[in-house]
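In: Model the following, please.
(chains A, B, C and D)
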There are 2 protein chains.
Amino acid sequence: MPYRRTENVVRRLAAREQAILAAATALAAEGGMAAVQIATVAERAGIAAGTVYRYFPSKNDLVAEVMTTVGGRELKAMAAAADAAPGPLSALASCIATFAARALAERKLAWAVIAEPVDPQVDSMRLDFRQSLAAEVEMRIKAAITRGLLPDQDAQVAAPAIVGALMEGLLGPLAPTYEANGPAREAVQTATLLSLRALGIVDARARGLVAQVALPLPAPSP
Amino acid sequence: MPYRRTENVVRRLAAREQAILAAATALAAEGGMAAVQIATVAERAGIAAGTVYRYFPSKNDLVAEVMTTVGGRELKAMAAAADAAPGPLSALASCIATFAARALAERKLAWAVIAEPVDPQVDSMRLDFRQSLAAEVEMRIKAAITRGLLPDQDAQVAAPAIVGALMEGLLGPLAPTYEANGPAREAVQTATLLSLRALGIVDARARGLVAQVALPLPAPSP
DNA sequence: TTCTCGCCTGAATCATCATTCACTCATTGG
DNA sequence: CCAATGAGTGAATGATGATTCAGGCGAGAA
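Out: Coordinates of the predicted model:
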């Protein structure tokens, strides 16, 4: 048995895989999907291009993993925020505002993961995420409808529409660039308000549904 | 003077340019921007690849022209529908519904022109279109606000958000595929209703703002 | 220390497309 | 019919980026 993967080696391998993933994510956050190139990722991770292929069978797999990781993190945050809310309506509001705030904090990354075009193969992966995103919102909408807190409506159209509105209104190329915390927070509130109104909540602000979720913009997770 | 562009030649040249444009547009409508390749466009137009470059200095210029053409057509339709409406609110409703209905009728093309990613250079062209799109909606929103028909709000965020909601709700990959006229028309109404509610119109349906604009889905312009 | 693995390297290869250009050919005016 | 002109051709070229692979090298086992 002249060679075996010692604990040490295993750890190093895992660390390297994380480094690659981190490099790819950082590049996506800085320059969008176009910036995620094997050579660039490798350089940033401090390894040679070929090495990347020891960890990921193809670029698509790498990108897919980035999406899964980032997407999962966001979904979890949304769900957590919603679950912590006192009632269905404020859960809905929290869910929406959380998504908006977090996406805005990592604008380019969010755009890259949600919207930017990629290889068709990877696209189906992205679809899953968008699907989950919409599903999360849809669930909250339905819950509110069930309790009579929202007018009856087609949640299956409404949910993606809300997601689209947030994306376009906050992340898209048309959206203004928010510098400091102030305007960004306002934008999140405006967008949330708009979304809730779209669903039929007329006086969200008056009811404290918006103010209550005026989260600080979270620092991007490491 | 052994050679001159006769009337005949000029006509032929113009026809060929149109053929190229038409081929590119058709390809975009069928397979998205990725399908718009010089070789493919040329083949579809019945000419050699090199010939395309006698008419367009680069692929980007060709794509830009496709976008301008398609985009202009849509903007004109929206403006016309809105201008024909009796009041500011129904103008707004018409504007939104028209966009929704037409985009849905040529789903892939609309997606390609509005949302699908492309070369950064071309992207600025697309931005112009999106900008105009949002501007058109924004103008209608502001008009309604001015007359006190809508609650005061930030139209600059609301307009792109509406556009985003329609895109994602109707065109995006998550949106269900609408086959016949029936469900599609309903989807347009649902989306329109949602948009109007987002802006603060609580009872759009009751007021006949939605039903009134239940346009037939237009055949795609040739 | 020495012998093996198997990880790492990065230049070479492959694939995909846009773009060019030397050449052919049709049209035009004389 | 002929010469001139420029449209049309399509194979060759270029650029970009993913992927491969033959060989170097360092870490574990004896």
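In: show me what contacts residue A:140?
Out: By Cβ atoms under 8 Å, 6 or more residues apart in numbering or on different chains, the contact set of residue A:140 is A:82, A:88, A:91-92, A:95. For the C-beta atoms, the positions are set from N, CA and C on the backbone; glycine is no exception.
In: Of the residues you listed, which belong to strands?
Out: Residues of the contacts of residue A:140 located in strands (DSSP state E): none.
In: now for those, which pair is the farthest apart?
Out: A:88 and A:95 (10.4 Å; Cβ to Cβ).
In: higher neighbour count, these two?
Out: Legend: neighbour count by other Cβ atoms under 10 Å in any protein chain shown for residue A:88 and residue A:95, higher for residue A:95 (27 against 20).
In: The helix of greatest length in chain A and DNA strand D in contact?
Out: Identified as the longest helix of chain A according to DSSP state H is helix A:120-146. No. Helix A:120-146 lies out of reach of DNA strand D by Cβ under 7 Å from any atom of the strand, never closer than 9.3 Å.
In: immediately after that helix, which helix or strand?
Out: helix A:155-166 (DSSP states H and E).
In: and the very next helix or strand once past that next one, what does it pack onto?
Out: Sequence-wise, the next helix or strand downstream of helix A:155-166 (DSSP H and E) is helix A:181-199. Applying 3 or more Cβ pairs under 8 Å, 6 or more residues apart in numbering or on different chains; DSSP states H and E, we find helix A:181-199 packed against helix A:88-105, helix A:155-166, helix B:155-166, helix B:181-199.
In: mean confidence score for the second one?
Out: Same thing as helix A:155-166. Helix A:155-166 shows a mean pLDDT of 91.
In: Just name whatever secondary elements it is in contact with.
Out: By 3+ Cβ pairs under 8 Å, 6+ apart, helix A:155-166 packs against helix A:88-105, helix A:120-146, helix A:181-199, helix B:155-166, helix B:181-199.
In: That one: how far from the chain's middle?
Out: 15 Å (Cα atoms, centre = their mean, to the nearest Å).
In: hang on, the earlier thing: in the longest helix of chain A, what's buried?
Out: For helix A:120-146, the neighbour count (16 or more other Cβ atoms under 10 Å in any protein chain shown) marks A:122, A:125-126, A:129-130, A:132-134, A:136-145 as buried.
In: Helix A:181-199 and that helix, what's the angle between them?
Out: 70 degrees (axes from the mean of the first three to the mean of the last three Cα atoms, to 10 degrees).
In: Residue A:189 versus the residue lying closest to residue A:164 once chain neighbours are set aside, what's the distance?
Out: Excluding the flanking residues, the one nearest residue A:164 by Cβ to Cβ, 6 or more residues apart in numbering or on different chains is residue B:168, at 2.2 Å. From residue B:168 across to residue A:189, the span is 21 Å (Cβ to Cβ, to the nearest Å).
In: again with residue A:74
Out: 19 Å.
In: so where's chain A shaky on pLDDT?
Out: A:1-5, A:173-174, A:176, A:179-182, A:211-222 (pLDDT under 70).
In: what's the burial count for the residue in it that DNA strand C sits nearest to?
Out: Residue nearest to DNA strand C within chain A (Cβ to the nearest atom of the strand): residue A:50, separated by 1.7 Å. By the criterion of other Cβ under 10 Å, residue A:50 has 9 neighbours.
In: element containing it, please.
Out: Residue-wise, residue A:50 maps onto helix A:49-55 under DSSP H and E.
In: could I get that helix in CSV with only the CA atoms?
Out: Extracted as CSV, the C-alpha positions of helix A:49-55 are listed here (Å, rounded to 0.1, in the frame of the first residue of the first chain):
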residue,chain,number,x,y,z
ALA,A,49,-6.2,25.2,-15.7
GLY,A,50,-6.0,21.5,-16.0
THR,A,51,-6.3,21.0,-12.3
VAL,A,52,-9.9,22.3,-12.4
TYR,A,53,-10.8,19.2,-14.3
ARG,A,54,-9.6,17.0,-11.6
TYR,A,55,-12.4,18.5,-9.5
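In: what helices or strands is it leaning on?
Out: helix A:7-31, helix A:38-45.
In: Tell me which of the helices and strands packed on helix A:155-166 sits nearest to residue B:60.
Out: So among the helices and strands packed on helix A:155-166, helix A:120-146 is nearest, using Cβ to Cβ, at 21.9 Å.
In: quick one: the closest one to chain centroid distance?
Out: 12 Å.
In: What backbone torsions are found at residue A:207?
Out: Dihedral pair for residue A:207: phi -80, psi 0, per degrees, to the nearest 10.
In: do residue A:86 as well
Out: Per degrees, to the nearest 10, the backbone of residue A:86 is at phi -70, psi -30.
In: distance of it from chain B?
Out: The spacing between residue A:86 and chain B, counted by Cβ to the nearest Cβ, to the nearest Å, is 25 Å.
In: Counting neighbours, what do you get for that residue?
Out: 9.
In: Sticking with residue A:64, tell me its helix or strand.
Out: Counting by DSSP H and E, residue A:64 is found in helix A:59-83.
In: How about residue A:111?
Out: helix A:107-114.
In: Contact partners for residue A:112?
Out: Counting by Cβ under 8 Å, 6+ apart, residue A:112 has contacts A:28-29, A:32-33.
In: go with 6 Å
Out: Applying Cβ atoms under 6 Å, 6 or more residues apart in numbering or on different chains, we find residue A:112 in contact with A:28, A:32-33.
In: any idea which of those has the most stuff around it?
Out: Going by other Cβ under 10 Å, residue A:28 tops the contacts of residue A:112 with 26 neighbours.
In: I'd guessed it sits against residue A:40; true?
Out: No. Applying Cβ atoms under 6 Å, one finds residue A:28 not in contact with residue A:40, separated by 10.8 Å.
In: Next up, phi/psi of residue A:116, please.
Out: phi -60, psi 140.
In: Enumerate every residue touching it.
Out: Residue A:116 neighbours (Cβ under 6 Å, 6+ apart): A:32-33, B:117.
In: can you list those residues in JSON lines and add distance to residue A:194?
Out: As requested, these are exported to JSON lines (distance: Cβ to Cβ, whole Å):
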{"residue": "A:32", "distance to residue A:194": "26"}
{"residue": "A:33", "distance to residue A:194": "28"}
{"residue": "B:117", "distance to residue A:194": "26"}
